[in-house]
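> Sequence unavailable; structure follows:
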């Protein structure tokens, strides 16, 4: 039997750079006493995807950890925090876990995953990580505790995570989600099941066994009363009984008699325990209420002794770490017995976190302590790492917090708009340091489209950008320093037709469309903007089955609604004009279309290839791929006139990925080649050439098992989709890799 391995790290921090996750983030809880049977949890492992979703009262995470250790060879436990609502920050957290699971694989995954993150390609980034975790040969459980944090951002990180991991289940990897909010029981259908509060309740017999484990002399009426107060909530019952074991049966019975609810019972018990606690314990509790976890090195940093007694609110982890039991947090804080740390201690704690590489957590404490100078230095230190991982939401939040802090320190308000404050705060600091991360920060703080890397002009006025500037820059992978350039006003009309249809007039977005047909006519005029479109042609395209009069009236209504919609963005600009019985986009306006920029980049790439300039061709291909945010007019898939253009652009995109993959393979950029091939297979899983390229990359990186696994993925896709076997050359490549031949 394989030995069990539970993921844990040495020291107090895991990772590198300024975005290290504290080691306690990844450690499993150990029950102080063996927890009796909990029927609902005993079912864990029957499906590859499960969720425990209920208020904290109903969850005993140490019991869950104990069952996980019994059932799986490897357990990867991640305690999520508020920062993980940013998909980039969650990516950093996952990379830390993979580094503990397989230190050799982590470096090769980090850069391609972060490259996708910088471009907002979260599905591809998470799929890379999912593929590595699912490749395990041992029964492994991935546990995400506090999964509600993944839904706290403007867009749900949870909805990005699940589609990337679920297709790889079942296998050797199972996933358990622990959330402290109730879910719809059908939320994970058909892939997994959800256990809510009704199924997580302990029955009377299980509660009696739990009481016997902690308080053998508990009177029967006290057990009945505590069971009724808690409604069988396992977490509250365990916490209450563990407190009763410390306070004694008499004090516990008195508290139970006075309480009106389960949480009230914990508040009463917590107050009794805290009155007996020393200053060191109170300091540890106050700190853990912010961080969720605690380590003796933190006590040393604050000039206090480590907590030696095992109070019932602590969950013992390994290597000296402790977790504040989630069940206890609200009752202890509501009791009012835990005083907030004074600013001096907050700064000392933040200094310690910063020294461990947890710069983002240190920043929050500096802000709470009012230490704007220290927060400023920390923000500038961690910004490059945040930008590298695509943590745009976190960068924006940091800038806004510092802008507010700077205004408070000066005693004068800044601009009303928070994004303006963030830009004005970040700009002089990054301009001084000439760091490349200034590009990324400015995109995040302006009106740029999230998820797209673009190179802004290096002036404050140009900090608010849109996707169109990726076409001008094409430097998301450039290593050159930022160079000041003259500010160029943006085009008067920008339109994105690849993926979601988006239009802005003088940087004011068109948010609503009065008429669906009016929007469709506008899309047609944009595509044919270099010529007049006669009225009868529009009538034929959009109302082919109507009479001439009916089609003409419909066109007039559509144009009227279109002009109304465009005026909501910019009332003084006439975008659509009528001349000589034809409609067109006003030729006097400067218009930027992503499809035109896409094709111009491809043309430039082909010219560079013809001139034997592969490096420049790569830059153009990368820019073109960035511009392709989805299929042409993906919002209107049934417009017949768009079908041919949609297919043409799709094939151009696939050709770009294919050509870029070949160039990167020839340049021995195996990580970059893997990145592109995975994108290509995400669009067309039957591309045998892309599978072969991945096999070569993995083999040349020494990851033979991944190369062999890729062959089997290729064979399965071809069999499932086309009912054919891999080509003989592909099979020959497989056997050559299997026999460790150089390829």
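That came through, no problem. Keep in mind that what you see is a predicted model, and the values were worked out from it rather than measured.
> does residue 288 really touch residue 294, like I thought?
Yes - the criterion here is CB atoms under 8 Å, and residue 288 meets it with residue 294 at 4.3 Å. For every residue, glycine as well, the C-beta is placed using N, CA and C.
> Report the set of residues contacting both of those two.
322-324 (CB atoms under 8 Å, 6 or more residues apart in numbering).
> ok, of these, which one's closest to residue 367?
Nearest to residue 367 among those, counting by CB to CB, is residue 324 at 21.5 Å.
> Domains in this protein, by residue range?
Domain ranges of the chain: 5-200, 345-488, 495-589, 609-738, per automatic domain parsing.
> Where among those is average confidence lowest?
Note on those: domain 345-488 shows the lowest mean pLDDT, a mean of 60.
> mind checking the longest helix of this structure?
In terms of residue count, the longest helix belonging to the chain (DSSP state H) is helix 643-666.
> Can you name the residues in contact with the helix or strand hosting residue 600?
Assigned by DSSP states H and E, residue 600 belongs to helix 594-610. Helix 594-610 has contacts (CB under 8 Å, 6+ apart) with 467-468, 471, 474, 495-498, 527, 614, 616-617, 620-621, 623-624, 627-629, 632, 645, 649, 652, 656, 659.
> again, only this time at 7 Å
For helix 594-610, contacts defined as CB atoms under 7 Å, 6 or more residues apart in numbering pick out 467, 471, 496-498, 616-617, 620-621, 623-624, 627-628, 632, 649, 652, 656.
> what angle separates the helix or strand following it from helix 594-610?
Using DSSP H and E, the helix or strand that follows helix 594-610 in sequence is helix 614-627. Between helix 614-627 and helix 594-610, the angle comes out at 160 degrees (axes from the mean of the first three to the mean of the last three CA atoms, to 10 degrees).
> Any buried residues in helix 614-627, and which?
614, 617-627 (16 or more other CB atoms under 10 Å).
> Does that helix pack against any helices or strands, and if so which?
On a contact count with 3 or more CB pairs under 7 Å, 6 or more residues apart in numbering; DSSP states H and E, helix 614-627 meets helix 469-473, helix 594-610, helix 643-666.
> Quick one, which of those helices gets closest to residue 94.
That would be helix 643-666 among the helices and strands packed on helix 614-627, by CB to CB, at 24.4 Å.
> got the angle between that closest one and helix 594-610?
Going by the same axes, to 10 degrees, helix 643-666 makes 40 degrees with helix 594-610.
> Just the strands from the stretch 451-600 of the chain, written as ranges.
493-496, 502-505, 508-509, 533-534, 576-579, 582-585, 591-593 (DSSP state E, counting those that start in this stretch).
> Most tightly packed of those strands?
strand 493-496 (a mean of 23; mean count of other CB atoms under 10 Å).
> Show residues contacting it.
So strand 493-496 is contacted by 466-468, 502-505, 526, 575, 589, 591-594, 629 (CB under 7 Å, 6+ apart).
> What distance do you get for residue 172 to residue 566?
According to CB to CB, to the nearest Å, residue 172 and residue 566 sit 55 Å apart.
> These two - which one has more neighbours?
Each of residue 172 and residue 566 has its neighbours counted (other CB atoms under 10 Å); residue 566 has more, 22 against 19.
> I'd like to check which residues are in contact with the more buried one.
With CB under 7 Å, 6+ apart, residue 566 has these contacts: 505, 510, 575.
> coming back round to it: from the contacts of strand 493-496, pick the one nearest residue 179.
Once CB to CB is applied, the member of those that ends up nearest residue 179 is residue 629, at 31.0 Å.
> quick one: contacts for that closest one?
496, 498-499.
> Tell me the secondary structure of it, please.
The assignment at residue 629 comes out as coil when based on DSSP: H, G, I helix; E, B strand; the rest coil.
> ok, it to residue 99 distance?
Taking CB to CB, one finds residue 629 at 31 Å from residue 99.
> so which strand or helix has residue 235?
Secondary structure from DSSP H and E places residue 235 in helix 234-247.
> Give me the helices and strands touching that helix, please.
For helix 234-247, the packing partners by 3+ CB pairs under 7 Å, 6+ apart are helix 204-214, helix 220-230, helix 262-274, helix 326-334.
> Please name whichever of the ones you listed is nearest to residue 91.
Closest to residue 91 of the helices and strands packed on helix 234-247, according to CB to CB: helix 326-334, at 24.2 Å.
> Lovely, talk soon.
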